[in-house]
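**Q** sequence and predicted structure below; questions after.
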Amino acid sequence: MAFFRSDVTTEVGLRLLLCPLGSNIVTRAACCSVGIVLPVYSTFRAIERNDENEQQKWLTYWAAYGSFTLVEVFSDKLLSWFPYYYHFKFAFLVWLQLPSTEGAKQIYNNHLRPFLLKHQARVDQLMGFACAEMGRFISMHQEEFRFVRIMLTNIRGSDPKVRGATEPAEPKGLHAIEGQTRIISNPE
């Protein structure tokens, strides 16, 4: 009987996913689940288990996924009008992750890596410029950031000055991530 219920559930799920009428919501949710939620958890497991092969696999996936997302930002409004766009996107995201196809590895090795190696100097230059501009922007708008932080603190109802906390010193630029960190050694 449990087997029968699982077949019905699977059939209903597949009908919702593949139904052309009004299925964009379901298919978009499926794309988010397959493209982000599952890989985030899989990445977490690879890090916690300190499995270098899995870490490499998921780093490659995120590089391919990020590149796809970058392209999609500029083409999504146009492509989303095509019938079954989100179905193809779902299939592509599954293909990226399947161990039998190693889609992310293929995208990385055949397209992304050669492109980035060819343009590495220019990309490094652009990234350096973007980081400098971001640091300059943050430095120029410290008062606004402080104001927003105070407003959010007041909305939450927990004023750090009431508890005896002191105002943090003004940052002088980009700083390292603070807090508890996990060191992953690379035995070679």
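**A** Structure's in. What do you need?
**Q** name the helices or strands packed onto the longest helix seen in the chain?
**A** Taking DSSP state H as the criterion, the chain has its longest helix at helix 52-79. Counting by 3 or more CB pairs under 8 Å, 6 or more residues apart in numbering; DSSP states H and E, the packing neighbours recorded for helix 52-79 are helix 38-49, helix 85-97, helix 103-107. C-beta: built from backbone N, CA, C; applies to glycine.
**Q** quick check: angle from that helix to helix 85-97?
**A** Angle, helix 52-79 to helix 85-97, by axes from the mean of the first three to the mean of the last three CA atoms, to 10 degrees: 160 degrees.
**Q** what's the average pLDDT for helix 52-79?
**A** Helix 52-79 shows a mean pLDDT of 92 in the predicted model.
**Q** and the angle for that helix with helix 38-49?
**A** Angle of helix 52-79 versus helix 38-49, following the same axes, to 10 degrees, is 160 degrees.
**Q** so which bits of helix 52-79 are buried?
**A** Of the residues in helix 52-79, 57-58, 60-61, 63-65, 67-68 count as buried by neighbour count, 16 or more other CB atoms under 10 Å.
**Q** out of the helices and strands packed on helix 52-79, which is closest to I138?
**A** Closest approach to I138 among these (CB to CB): helix 38-49, 26.9 Å.
**Q** and the closest one, what's buried?
**A** 39, 43, 46.
**Q** do stretch 103-110 as well
**A** Residues of stretch 103-110 classed as buried by neighbour count (16+ other CB under 10 Å): 103-105, 107-108.
**Q** quick one: pLDDT of the residue nearest in space to the middle of the chain?
**A** Residue closest to the average C-alpha location in the chain (CA atoms, centre = their mean): I36, at 6.4 Å. Predicted confidence (pLDDT) for I36: 93.
**Q** cool, Q142 as well?
**A** The predicted local confidence for Q142 is 88.
**Q** quick one: the closest residue to W58 other than its chain neighbours and F90, what's the gap?
**A** For W58, ignoring the flanking residues on the chain, the nearest one in space by CB to CB, 6 or more residues apart in numbering is T43 at 4.3 Å. Distance, T43 to F90, by CB to CB, to the nearest Å: 20 Å.
**Q** cool, and E54?
**A** Here the criterion is CB to CB. By it, E54 lies 23 Å from F90.
**Q** kindly report the same for Y61.
**A** For Y61, the distance to F90 (CB to CB) stands at 15 Å.
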